[in-house]
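K.L.:
The following block contains a protein sequence and its predicted model.
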Amino acid sequence: MSDFEQWMTAVAATPGPGEERLDQMREGEGIDGLDETEQAAWLLRVMVDYTREPQGWHARVLVGLTGPECAGPATGIGRFNDTVVAIMDQAQALADATRRPVKVIHGVNGKPDRFLPALAKHAPGLRGIDTPVWVAYPEPLAVPAAP
């Protein structure tokens, strides 16, 4: 079992915010409504560092509750927009699997302030991103259909 898989097992074993609290966050309260204790217990932090390689862009992913605790799944080398989308998909999958909000901080060569200029230059068609910080909330659980 990898470090990431062990970490995921430990996170899954601890109680999360609950569906009612997640609904409050999704409906506008966001993670800013979490106090320090809630953030420490519930919020997953993901730091992504994009680097340009001769073959394309690569992303190194660090995941943790209190900060980087282990390396998460990294993307392969590809175009910048594809790499960013893959990271956001991974963050959404992590949020859904753990039932916790996931705060993603994007950076290029270790610097979050380089992310938006790189995005504008290498992925101008990728719209709706105006900050290097992005939050993924777990999708609402489907209500079972009545028999």
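P.N.:
Looks like it arrived, so ask away. Numbers count the residues shown, from 1 in each chain.
K.L.:
In the lowest-mean-pLDDT helix or strand in the chain, which residues are buried?
P.N.:
When the helices and strands of the chain are scored by mean pLDDT, DSSP states H and E, strand 75-78 comes last with a mean of 78. Neighbour counts using 16 or more other Cβ atoms under 10 Å place 75, 77-78 of strand 75-78 among the buried residues. (Each C-beta comes from the backbone N, C-alpha and C, glycine too.)
K.L.:
If we only consider those residues, which is nearest to V104?
P.N.:
T75 (12.8 Å; Cβ to Cβ).
K.L.:
how far away is the closest one from Q90?
P.N.:
According to Cβ to Cβ, to the nearest Å, T75 and Q90 sit 8 Å apart.
K.L.:
Please enumerate the shared neighbours of the two.
P.N.:
V61 (Cβ atoms under 8 Å, 6 or more residues apart in numbering).
K.L.:
how about the helices of the chain, start to end?
P.N.:
For the chain, helices defined by DSSP state H occupy the ranges 3-13, 19-24, 36-42, 80-98, 115-122.
K.L.:
for the shortest one, which positions count as buried?
P.N.:
What it means is helix 19-24. So helix 19-24, judged by 16+ other Cβ under 10 Å, has buried residues 21-22.
K.L.:
just to revisit the earlier point, the least confident helix or strand of the chain pairs with which strands?
P.N.:
Strand 75-78 sits in its sheet next to strand 56-64 (antiparallel), going by DSSP bridges.
K.L.:
Tell me what angle the strand it pairs with forms with helix 115-122.
P.N.:
In terms of direction (axes from the mean of the first three to the mean of the last three Cα atoms, to 10 degrees), strand 56-64 departs from helix 115-122 by 150 degrees.
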